[in-house]
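J.: Provide a 3D model corresponding to the input given below.
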Amino acid sequence: MAKQSDIELVSEMRTTITRLVKKLRKHSATGMVLSLTERSVLGLLYNEGEMLPNELATAEKITNQSMSQILNHLSELSYINRRSSKEDKRKSFISLSSKGKAIVEQVRDEKDNWLYQAVIKTCMPEEISILKKALVPLKKLVDFEDD
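T.: So this is what the prediction gives:
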């Protein structure tokens, strides 16, 4: 059974992280024209290169139909390319266009610049050191899968 102090810790951590993510989103004018899932799909494609639509849907934990709508919108914006599979013409691989890559990089730069300014203006050197150390357990939480 969880202790009350542990529950309070995770609740405060959740609230703080959520508020920070919202602030980061707000400080990227470029990213505001896209939904959170659209931005996430662009980020996946940026990191993974080429993926099938059903792989993207699985990664985003949404239906194939919803992913199809997202991909159609990203295609209308010229952020993605589609390439038919040579082995199976029914399959198409999705990748970022040069315009899509530029958008991902611009959004990341906007967020990184805002966060950098926030850190250097609000944190003491000791606190920056604590933030560096906190990245290890935070990354573990991000990678945790409760199957």
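J.: out of everything not next to it in sequence, what's closest to the spatially most central residue of the chain?
T.: The structure's the chain has its C-alpha centroid closest to S40; by C-alpha atoms, centre = their mean the separation is 4.2 Å. Of all residues not flanking S40 in the chain, E60 sits nearest, at 6.1 Å (C-beta to C-beta, 6 or more residues apart in numbering). From N, CA and C alone the C-beta is placed, and that goes for glycine too.
J.: can you check P53 too?
T.: M67 (5.4 Å).
J.: Quickly note the distance from the one you found to A59.
T.: Per C-beta to C-beta, to the nearest Å, M67 is found 9 Å from A59.
J.: Looking at these two, which has the bigger crowd around it?
T.: Using other C-beta atoms under 10 Å as the criterion, M67 and A59 rank with M67 on top: 22 against 14.
J.: Could you verify my assumption that the more buried one touches E55?
T.: No - using C-beta atoms under 8 Å, M67 and E55 do not qualify as a contacting pair, with a distance of 9.4 Å.
J.: List phi and psi for the closest residue to S92 other than its chain neighbours.
T.: Among residues not flanking S92 along the chain, R82 sits closest, at 4.6 Å (C-beta to C-beta, 6+ apart). Main-chain dihedrals, R82, degrees, to the nearest 10: phi -120, psi 140.
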